[in-house]
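Undergrad: what's the 3D shape of this:
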Amino acid sequence: MDRTERDLGNGWTVSVALAHLAFWDRLAALTLQRWERGDIPSDEAEPDLLNDALIEEWRALSPRQAADLAVAAARLVDAAVEALDARTAAAVQARGKEWLLRRGVHRREHLDQIEGIVWG
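TA: Reported below is the predicted structural model:
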């Protein structure tokens, strides 16, 4: 069995986890870009509902596609966070949306899980 297709539980594979990270990083980047333009999001969809709705699309991706998407999205959101002015960053934090600014926490959670399965 290819290491990228190992089961992480709940129907998730390494590829699914990488596609999941790509989605959430891309969503964070786009949200921050809109926020900086003054288009402050009113609310968010339920994360588990989004994950459940998207898992079939994530499963359809090849491991390489999922990895490429994850890297591109991580770069996109990291650049968006770096480009934020202090006022916008403070506003994001004041609204309790630190997850938009601290994407590494989410990435580390899944990467640790992947490393444990693939190399453990």
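Undergrad: name the helices or strands packed onto the top helix by length along the chain?
TA: Identified as the longest helix of the chain according to DSSP state H is helix 14-36. On a contact count with 3 or more CB pairs under 8 Å, 6 or more residues apart in numbering; DSSP states H and E, helix 14-36 meets strand 7-9, helix 47-60, helix 63-83, helix 86-94, helix 103-119. (C-beta placed from N, C-alpha, C; glycine too.)
Undergrad: and the lowest-mean-pLDDT helix or strand in the chain, which residues are buried?
TA: Lowest mean confidence among the helices and strands of the chain (mean pLDDT, DSSP states H and E): strand 7-9, at a mean of 80. Buried residues in strand 7-9, defined by neighbour count with 16 or more other CB atoms under 10 Å: L8.
Undergrad: quick one: contacts of that strand?
TA: T13, V14, V16, A17, Q113, I114, I117 (CB atoms under 8 Å, 6 or more residues apart in numbering).
Undergrad: if we use 10 Å, what do you get?
TA: Here strand 7-9 makes contact (CB atoms under 10 Å, 6 or more residues apart in numbering) with M1, T13, V14, S15, V16, A17, H110, Q113, I114, G116, I117, V118.
Undergrad: direction included, what does that strand pair up with?
TA: Within its sheet, strand 7-9 is paired with strand 12-13 (antiparallel), according to DSSP bridges.
Undergrad: tell me how far the partner strand lies from the chain's centre.
TA: Distance of strand 12-13 from its chain centroid, counting by CA atoms, centre = their mean, to the nearest Å, is 15 Å.
Undergrad: over to stretch 104-113?
TA: Here the centre of stretch 104-113 is set off from its chain's centre by 10 Å, with CA atoms, centre = their mean.
Undergrad: what about it, average pLDDT?
TA: Average pLDDT, stretch 104-113: 90.
Undergrad: just the C-alphas of that stretch, formatted as PDB.
TA: The C-alpha trace of stretch 104-113 is given here as PDB (Å, rounded to 0.1, in the frame of the first residue of the first chain):
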ATOM      1  CA  GLY A 104       0.800  26.600  11.400                       C
ATOM      2  CA  VAL A 105      -1.100  25.200  14.400                       C
ATOM      3  CA  HIS A 106      -3.600  23.500  12.200                       C
ATOM      4  CA  ARG A 107      -0.900  22.300   9.800                       C
ATOM      5  CA  ARG A 108       1.200  20.900  12.600                       C
ATOM      6  CA  GLU A 109      -1.700  18.900  14.000                       C
ATOM      7  CA  HIS A 110      -2.300  17.100  10.700                       C
ATOM      8  CA  LEU A 111       1.400  16.800   9.800                       C
ATOM      9  CA  ASP A 112       2.100  15.200  13.100                       C
ATOM     10  CA  GLN A 113      -0.700  12.700  12.500                       C
END
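Undergrad: all good on my end, thank you.
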